[in-house]
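Participant: Predicted structure and sequence below. I'll ask about it afterward.
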Amino acid sequence: MKSIYKTILLNREISHKMLAVLLDPDQCRGSILASTVATLKTNTPDFIFVGGSHTVNSIDSLIDLLKEEIKTNIVLFPGNALQFSSNADALLYLSLVSGRNADFLIGQHISSAVAIKKSKVEVIPTGYLLVDGGKPTSVEYISNTRPIPRDKKEIALSTAVAAELLGMKLIYLEAGSGANTPVPIEMIEYVKAGLSLPLIVGGGIKSTDELKDAFDAGADMVVVGNIFETFPTKIAEFVAFTRGYSVEKLTNQPN
């Protein structure tokens with residue numbers, strides 16, 4: 001199986017922007033699940049992320065359904081150690097480096113490390129930075145950590161670079177699910193300029209205009225989830241925009 005991380009690196013090299021659709025097993029159920037799967041079958045993003053801050057429903061069953069119906073890579077986006085599934089293609093091994101709660105820096109990892117190593121799931125160490133999205137989020141409450149203030153781009157960069165030097169392979173700037181406002185454009189630009197790793201941005205993105213802003217600012221991948229829980233059919237709009245964005249950028253490059 002082709003390495004998902006190598007795919008991310010290759011896409012970044014050719015300026016192909018990536019979209020990940022985030023599905024929370026607690027929210028993506030019943031008619032929402034049916035509509036979401038139907039849309040994803042014909043409007044497939046680069047990746048499907050599965051997980052949530054407080055997930056109680058089965059991750060395994062959702063992943064099995066997705067892999068049966070949709071031809072794309074399924075990546076775990078776990079809120080805690082209990083959300084590991086060997087059925088996924090890859091795991092974002094998140095360390096909440098912006099916080100000071102040891103449980104989400106390393107504690108949760110210890111609980112699942114042996115099982116993860118024995119599995120065939122590709123592990124991608126990821127520095128996870130929580131940024132103020134304008135209101136308290138589930139991530140903030142569950143992790144008991146304070147987000148980076150929106151006007152403190154220097155702190156965000158220093159934290160991201162520290163994660164890079166510790167050997168992490170991705171940086172994820174997160175405003176939190178259902179955030180009032182996405183990660184500030186100025187922060188994305190500033191972190192991107194000082195970072196060598198691929199940059200993921202998520203949280204609070206509700207329109208293709210905001211998606212474009214994140215891509216323009218330097219995000220290599222954008223994760224969108226909350227808006228699709230209310231409007232699953234919007235997935236098609238976001239997927240089409242992402243594909244068109246990369247093609248347009250390549251077409252307009254000088255010879």
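Facilitator: Happy to help now that I have it.

Participant: what's around residue 95, how many residues?
Facilitator: By other Cβ atoms under 10 Å, 19 other residues sit near residue 95. Yep, even glycine has a C-beta here, placed from its N, CA and C like the rest.

Participant: now it, nearest residue through space, not along the chain?
Facilitator: residue 105 (5.5 Å; Cβ to Cβ, 6 or more residues apart in numbering).

Participant: ditto for residue 9
Facilitator: Using Cβ to Cβ, 6+ apart, the closest residue to residue 9 is residue 198 (6.7 Å).

Participant: Residue 130 too?
Facilitator: Residue 130 sits nearest to residue 147 (Cβ to Cβ, 6+ apart), 4.4 Å away.

Participant: how deep is the one you found tucked in, by neighbour count?
Facilitator: Look at residue 147: counted by other Cβ under 10 Å, it has 23 neighbours.

Participant: Now do the contacts for it.
Facilitator: Listed by Cβ atoms under 8 Å, 6 or more residues apart in numbering, the contact set of residue 147 reads 98, 130, 131, 132, 133, 137, 140, 176.

Participant: Now do the fourth one against residue 6, distance only.
Facilitator: Here residue 132 is placed at a distance of 33 Å from residue 6 (Cβ to Cβ, to the nearest Å).

Participant: neighbour count winner among these two?
Facilitator: Set side by side, residue 132 and residue 6 show more neighbours around residue 132, with 22 against 10, by other Cβ under 10 Å.

Participant: Test my guess that the more buried one contacts residue 149.
Facilitator: Yes. Using Cβ atoms under 8 Å, residue 132 is in contact with residue 149, at 5.5 Å.

Participant: Please look at residue 43 and residue 232 and confirm they touch.
Facilitator: No. Judged on Cβ under 8 Å, residue 43 makes no contact with residue 232 at a distance of 10.3 Å.

Participant: Between the two, which is the more surrounded one?
Facilitator: Each of residue 43 and residue 232 has its neighbours counted (other Cβ under 10 Å); residue 232 has more, 21 against 18.

Participant: Return the set of buried residues in stretch 62-80.
Facilitator: Neighbour-count burial for stretch 62-80 flags 62-63, 66-67, 70, 72-80 (criterion: 16 or more other Cβ atoms under 10 Å).

Participant: show me the contacts for residue 38.
Facilitator: Residue 38 makes no contacts at all, as judged by Cβ under 8 Å, 6+ apart.
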